[in-house]
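Asker: sequence unknown, structure follows:
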């Protein structure tokens, strides 16, 4: 992995953990993105904080990418989406849509996503989250091996 940058990884991980802790301590909620997003439709009674959280999440990523275009890419080129494997004959937009749908289905079946289980669940020593994170990583390893995308 030629683009590993331990300083930015530690800083990013610390900020994610801080955000999860602030949400939990300040609002009593787990920072699981699929749960936060999933309660928007149909709207829950607590829709405002969910919208604020999601808008801030996207805005923070956007502005960070604008301020530091090469951050996390190992160079000075801006980050870009991964292209679909050419040998599979699937257009990249369809590839991304399929990946998004499968991710959404997995979070529904797993009763949470990587942020909910991996950050908050493991911090609470949840056995269910430990199993879920093991499955996430296992499937990710298999996916990289099958598609060849790194």
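Answerer: Now that the structure is in, tell me what you want to look at. What you are looking at is a predicted structure, and each value in this text was computed from that prediction instead of being measured.
Asker: Now do the same for whichever strand or helix holds residue 60: mean pLDDT, whole number.
Answerer: Per DSSP states H and E, residue 60 falls inside helix 47-67. Averaged across helix 47-67, pLDDT comes to 87.
Asker: in stretch 54-65, what counts as buried?
Answerer: For stretch 54-65, the neighbour count (16 or more other C-beta atoms under 10 Å) marks residue 57 as buried. Glycine gets a C-beta too; all of them are placed from N, C-alpha and C.
Asker: pretty sure residue 133 is touching residue 118, no?
Answerer: Yes. Residue 133 lies in contact with residue 118 (C-beta atoms under 8 Å); the separation is 5.0 Å.
Asker: Quickly list what's touching both of those two.
Answerer: Taking C-beta atoms under 8 Å, 6 or more residues apart in numbering as the contact criterion, residue 133 and residue 118 have no common neighbours.
Asker: what distance separates the helix holding residue 60 from the centre of its chain?
Answerer: The chain centre lies 13 Å from the centre of helix 47-67; the measure is C-alpha atoms, centre = their mean, to the nearest Å.
Asker: what do you get for stretch 43-63?
Answerer: 14 Å.
Asker: likewise stretch 39-55?
Answerer: Mean-position distance between stretch 39-55 and its chain equals 18 Å (C-alpha atoms, centre = their mean).
Asker: quick one: low-confidence ranges for the chain?
Answerer: 1-4, 72-76, 78-79, 149-150 (pLDDT under 70).
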